[in-house]
Each structure stands twice: as C-alpha cells, then as structure tokens.
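K.L.:
Predicted model, plus sequence, below.
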Amino acid sequence: MIRQTVILLTALTSVGWATATRGPDAGGYTATDSAVYSFVDISGTGASVLGGVDDGVAPLIVPFSFQFYGNAYTMVCASSNGALYFITSASACAGINDFSNADLTVASPAGNLPALLPFWSDLTFQVAGAGAVSYQTVGSPGTRRFVVQWTNAYPAGSSSPVTFQAILFEGSNQILFQYQTVDLGVGNAASNGGLATVGIANAGGLASGQQIEWSYDAAVLGNSVALSFAPTTPTSCAGNITVQVTVTRGGFAFNEGTQRFLQTITVTNSSAAPIVAPFYLVLDGLSANASLANATGVTVCQTPGSPYITIFTSGTLTAGQAATVQLQFANPTKAGITYTPRILSGAGTP
Amino acid sequence: MLRLATALMVALPAVCGTIFTIDTSSLISNPNGPFTADFQFTDGSGTGDGNNTITISNFSDPSSLTLSSQFGGVAVITSPLSFTLTDTSFFNDIQFILAPDASLSFDLDATQNFDVGTPDTFIFDILDRNLNNIPTLNPNNGIAFIEVDLPTTSPTAATQIITSASDPSNTDGVNIAAPTESAVAQTPEPSSLCTEAVSLALVLLMSKTRVKWLVDGPILRRFRGEPRILSALSDSSPAAKAEIPDAILECRG
C-alpha cells in the first residue's frame, strides 16, 4: 500500500514537473520552464516607479547593451500591466495603452513594440496594499543582470496581488521570468496567469514569427516557477557565398492593399560550382524605417540580427542558373529602403 | 561629321516617348468601382536623389481622371492634364479616380540616369473601390500593368518596359489585356532621343564604310529606342564595336 502510494506520488510529481519548451521561433529564440527558480527580491533595494498607478508606464535605462532579436537596446518601458517594451527613446514610452492583453497569435503587443511579457494583464497598483515596479542592476560588469520586479500588483477583479520579475542578462542576452506569487487560489480567474499573456515578441513578430507565446489566458504558471527565453547558440553557420553569385535587384512597387513595398531579387550562380540548398538571402544594414515583412527569421551567425529570407530549401543551383524571390517590406513612413544583400547556403544556421 | 552626329545623340537626355494604351472597358459599370489609376515612381537608390523624372501627358480623355492623392515629388499641370514624377523622395505617387472609357492612353517620357544596384522604377497600376490592387501577371510585383525600370550600372541592365494583363483569377471581374505600347510620333527636336533615327541617317550618309554594317547589323532590325539599340550594339562583332564611338556606349548611363 505504501509502495503503491509512493509510485502514485512519483508519477504525479513527474507529471507536475515535466518541463516544457517552446521554439525556436523565427528569430532563433527558445523558451523553457526548466530554468532554476531563484527569485532576486529587489522590492526593498531597487528604485521604484509606478506606485499607486493604474495603467501607467515608465522608461528605464538598462546600464548595458542588451540584444533582443538582433537589435541592441539600452532602454525599456515598464508598464504597470506586467509588460516591458524595448524602446530607443523615452518618448516612445508615452501613451502606451496596454491594459487589455492579447493573444500573440492574432495580435501584436501594444504599439507593435518589441516586448517582454512576463505577466501581461490588467494589473493595478492603485489599490490599498499594492506595491510598485522596482528595478535594479546586480552583478559585475560583463555579467550584470537588470531586474525589473512587479510587487503586489493586483489583477483586475482580484483581491489578491501577484509578484513576479523579469531579468535581463548581460552578455548571454537571456531573459528570465520568475514568479514568486501568482497562485491566487481556486476561483480566482487571474490565478496562475489565467488572464495573462506570457511570452516575448519582436516588433512585427506576428508577421515574421519572431515571437514565443508561452501562454494566453491559461492558468499554466505557478508560484516559484521560472521561465527562460534565450537566443539559440548555433553549432555551425551557413556559408557565405555572396562572391559566388550575382544579385540583381528589381525596382520597388507599392501594393496599396497590403501596404507593402515589393521587390524581386534574382540570384544567379555566377560560379562554376553548384550551390547547394538551403539558400538564404540576408539583408544587412536594412534601413531602420523598414522591416522585411516576409522574413524567414533574423541571422544568428556572423552578422547577427539581419533579417533573412529562405530562397529555397532543397535542390541545387547549378552554374548559370538563377533563382528569384520577392521581398515584402513594411515601411510606414515610405522613406527609402536600403540594404546590402548577402547570400548564405548550406547546412548550418543563417 | 561623324563626331557631330555622335554628339547629337549623346546630348539627348531622355528616352523616346511611348504611348501606352490600356483597355479599360471591363471597368465600365463594374460594381467594384470606382477604380483608381495609380502612377508610382520609386527611387532605386533609396535616397531621393532626384536624378530622374517621369513625364506623363497627352491623356486620351483627361476628363475621365479626377486627382485623388499625391505623394512625394509630383508636379501637376491641370490643363491640359500632365504631371511629372521625380525621385526626390523614395516614393512618389499620384492617383486619380477613374471614370473609365473604353480605353485609357497617355504618353510617357523618362530621363534615364543611373541608380546603382536598384533601378528607379515607374509602375502604373489600378486599384478597386477598396483601394486594393487589381492583380496582374507582372512577374516582379503582380500589380503593375506597366512597369518601366530605368538603367542601373549593372552591366546587363538597361531600361526595361514590362506590360502585363490582369490576372484572370482576380475577383473584381476585371479583364484587361496587357497594355499596348507605341512610339510617339516624332517631330525631330534636339531634346528627344527619338531623333536617333535622324542621327542614324546622318551616320549612314557620312560614313559609307558603316552603311553595310548598320543596314545588315542588328541596329536597324532592332531599332526602337535607345536601350534596344544598345543591346544591339553589344551584340555586334568586335570589329564593329571598335567603330562605335565611346560616347554612344556612354548612353547607357
């Protein structure tokens, strides 16, 4: 009887602690809940903002360069609603309205900004007993961690608060969400993320696939749980064969219906040797006003952070043979689109 | 004398005027109208260098066009209707609500200065009442009935004109054949490259040694406009090429 109980408990424990992973996404990020939980409580030591505020935001300086989907940031916008947005100027933080969390598979985070969403929900600090958002940098240069913590934030309609944090790691560019208190008890719809979106998303992530939604309005979190999001470390890189090909760019045309600029690229194998798939076109230095809406992902190897598109995934481009691919650019300001093409091929990570 | 004729050709900055005619009969009384005629000119360099201008004029029925929007380097003359699109911005665009006749025609002239890598590109496309493009069989973008790509420094590049029919799968009930193109009837004047014919005639008169080559060679067979001529020249024998003045070859630029 005892043995049966032990077996049963072991089985239940195994189920309860089974790790989950997501990704890699189109940006090479993977997520896991197998990260070690080690809450860095800064509620008493960090600077605090947004205390007593509902639906508020505050720009925060990150004291090191943090790479997120290949872009470097030194500023985030903290929202009282359990989200962090990467921004390039404090003014971009103003006016964000994000009290209504969304399903990332059908909608983008507020302002389509690159976002960390540890517990994106309608939270408030405007009730008695509520805390604030704290932030603090810990560790030594080179391996610093920037901690942002929501302490005693009240989900809408909940009489109990949640406390959680997001940590940005210098160097590795890992992101860690840690949940100290999110289990609000049976019957509380907000408990364990039941009314929250959890995940990360790049700007335009809905179209590019550069996002990971861990959960949406699902009670899958728990107290003392940690979620890690990290860029994949490639084991090998696709080869740069730009010198072996001729890249011919077509002119731009604007599709009014899709609001995309279109451009056809022809890549001709100008070498004697065949080029083996997979075969990628990388746009290095793409002008900041534009994004490649039909990108397959962003590069991880060599010059990381550039959008790329897969030209073909199988077959061979023989000498003199050409392949074409259509690029679709989002370019809301209709300013110039410039970039330097780079061609990669073969096994390995672009 | 040969040098004089050559100079005449080189000093001319524009490509030949071309008349485009589009069958717009399927737009008449079409429930997906009103349709919008859209003329775009994008800058290949992306910098808005303003080094090329497209001129659209001589509409078959100007009264069928009502200006609805413009963006970037656009200048309009209302009477008689004509406009220019200059790549002073990356995107230069003018749109007209179309009250369609059986056809729409206009003249197009273009300067043809180089942009490195990506061509300055003109397109003519048509939007339905929801401002969605009527899809076409254009192989590059799927929306242009007329596409004019100005030269780049690519060795193989020259001005290209692509005309395309509407995609039969379009859901707007639009059936437009590929627009026809024809050369503008020319009154020789020094500001138009269409005087190439005159120049060539001068060359023929001035150099008997070249007469046979020009008559037998690709120039006269393919004579239509500068890009085609230059393509023809590149097809010529080395000996013939040696006789082609450098200035003519520079017309690629």
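P.N.:
Sure, I can see it. Everything quoted here is computed from the prediction, not taken from an experiment.
K.L.:
Quickly note the distance from the residue of the stretch 1-150 of chain B found nearest chain A to A:G185.
P.N.:
Chain A sits closest to B:T121 of the stretch 1-150 of chain B, with a gap of 2.4 Å, by Cβ to the nearest Cβ. (Each C-beta comes from the backbone N, C-alpha and C, glycine too.) Distance of B:T121 to A:G185, given as Cβ to Cβ, to the nearest Å: 62 Å.
K.L.:
Equivalent analysis for A:V62, please.
P.N.:
Separation of A:V62 from A:G185 (Cβ to Cβ): 35 Å.
K.L.:
do the same with A:A218
P.N.:
In this structure, A:A218 and A:G185 are 17 Å apart, going by Cβ to Cβ.
K.L.:
and the two? which has more neighbours close in?
P.N.:
Neighbour count, other Cβ atoms under 10 Å in any protein chain shown: between A:A218 and A:G185, A:A218 has more, with 15 against 10.
K.L.:
A:G194 is in contact with that one, correct?
P.N.:
Yes: with contacts counted by Cβ atoms under 8 Å, A:A218 reaches A:G194, the gap being 6.8 Å.
K.L.:
Adjacent strands (with direction) for the host helix or strand of A:Q136?
P.N.:
Using DSSP states H and E, A:Q136 maps to strand A:133-138. Partners of strand A:133-138 in the sheet, by DSSP bridges, are strand A:47-49 (antiparallel), strand A:145-155 (antiparallel).
K.L.:
Among the ones you listed, which comes closest to A:D284?
P.N.:
Closest approach to A:D284 among these (Cβ to Cβ): strand A:145-155, 28.4 Å.
K.L.:
tilt between the first helix or strand past that closest one going along the chain and strand A:145-155?
P.N.:
Note on strand A:145-155: by DSSP H and E, the next helix or strand toward the C-terminus is strand A:162-169. Going by axes from the mean of the first three to the mean of the last three Cα atoms, to 10 degrees, strand A:162-169 is angled at 160 degrees with respect to strand A:145-155.
K.L.:
So what's the gap between strand A:162-169 and the chain middle?
P.N.:
15 Å (Cα atoms, centre = their mean, to the nearest Å).
K.L.:
average pLDDT across it?
P.N.:
With pLDDT averaged residue by residue, strand A:162-169 scores 97.
K.L.:
repeat for stretch B:175-183
P.N.:
For stretch B:175-183, the mean per-residue pLDDT is 93.
K.L.:
give me the beta-bridge partners of A:T124?
P.N.:
Taking DSSP bridges as the rule, A:T124 bridges to A:D54, A:Y154.
K.L.:
Which residues are in contact with it?
P.N.:
A:53-55, A:80, A:130, A:153-154, A:156 (Cβ atoms under 8 Å, 6 or more residues apart in numbering or on different chains).
K.L.:
Could you rerun that using 10 Å?
P.N.:
Applying Cβ atoms under 10 Å, 6 or more residues apart in numbering or on different chains, we find A:T124 in contact with A:50, A:52-56, A:80-81, A:99, A:130, A:153-156, A:158, A:161.
K.L.:
same thing with B:I94?
P.N.:
With contacts defined as Cβ under 10 Å, 6+ apart, the neighbours of B:I94 are B:37-41, B:56, B:65, B:67-72, B:74-76, B:83-85.
K.L.:
where exactly do the helices run in chain A?
P.N.:
A:2-16, A:205-208 (DSSP state H).
K.L.:
Buried ones in stretch A:89-109, by neighbour count?
P.N.:
Within stretch A:89-109, the residues scored as buried using 16 or more other Cβ atoms under 10 Å in any protein chain shown are A:92-93, A:96, A:98-99, A:101-102, A:104, A:108-109.
K.L.:
just curious, which of the residues you listed is nearest to chain B?
P.N.:
In terms of Cβ to the nearest Cβ, no member of these lies closer to chain B than A:S108, at 22.3 Å.
K.L.:
For A:N101, see how far away that closest one is.
P.N.:
A:S108 sits 12 Å away from A:N101, taking Cβ to Cβ as the criterion.
K.L.:
ditto for A:N152
P.N.:
Counting by Cβ to Cβ, the gap from A:N152 to A:N101 is 19 Å.
K.L.:
Could you do A:I309 as well?
P.N.:
Distance from A:I309 to A:N101, by Cβ to Cβ: 31 Å.
K.L.:
By proximity to chain B, which residue of chain A wins?
P.N.:
Closest point on chain A to chain B, by Cβ to the nearest Cβ, is A:G251, at 2.4 Å.
K.L.:
Look up how far B:G117 lies from that residue.
P.N.:
Going from A:G251 to B:G117 by Cβ to Cβ gives 11 Å.
K.L.:
Which of these two has more residues huddled nearby?
P.N.:
Between A:G251 and B:G117, counting by other Cβ under 10 Å, A:G251 is the more crowded of the two (28 against 19).
K.L.:
Please enumerate the strands of the stretch 201-350 of chain A.
P.N.:
Remark: strands assigned in the stretch 201-350 of chain A by DSSP state E, counting those that start in this stretch are A:211-216, A:225-231, A:239-240, A:245-249, A:253-255, A:260-269, A:275-276, A:279-284, A:291-292, A:297-298, A:307-312, A:316-317, A:322-330, A:340-345.
K.L.:
Turn these into TSV, including mean neighbour count and mean pLDDT.
P.N.:
TSV is the format used below for the strands of the stretch 201-350 of chain A (neighbours: other Cβ atoms under 10 Å in any protein chain shown; pLDDT from 0 to 100):
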stretch	mean neighbour count	mean pLDDT
strand A:211-216	22	97
strand A:225-231	22	94
strand A:239-240	17	89
strand A:245-249	19	93
strand A:253-255	22	97
strand A:260-269	21	96
strand A:275-276	19	86
strand A:279-284	24	94
strand A:291-292	24	90
strand A:297-298	25	82
strand A:307-312	21	91
strand A:316-317	18	89
strand A:322-330	18	94
strand A:340-345	21	94
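K.L.:
Between those strands, which one is closest to A:I42.
P.N.:
That would be strand A:225-231 among the strands of the stretch 201-350 of chain A, by Cβ to Cβ, at 15.8 Å.
K.L.:
orientation of the closest one relative to strand A:211-216 in degrees?
P.N.:
Going by the same axes, to 10 degrees, strand A:225-231 makes 170 degrees with strand A:211-216.
K.L.:
partners of strand A:225-231 in the sheet?
P.N.:
Assessed with DSSP bridges, strand A:225-231 is paired to strand A:29-32 (antiparallel), strand A:175-181 (antiparallel).
K.L.:
What is the burial count for residue 85?
P.N.:
With no chain named, the answer covers chain A. There are 27 residues near A:Y85, going by other Cβ under 10 Å.
K.L.:
not what I meant, chain B
P.N.:
Neighbour count for B:L85, taken as other Cβ under 10 Å: 27.
K.L.:
What residue, apart from its backbone neighbours, is nearest it spatially?
P.N.:
Nearest residue to B:L85, sequence neighbours excluded (Cβ to Cβ, 6 or more residues apart in numbering or on different chains): B:F41, at 3.7 Å.
K.L.:
Fine, thanks again, bye for now.
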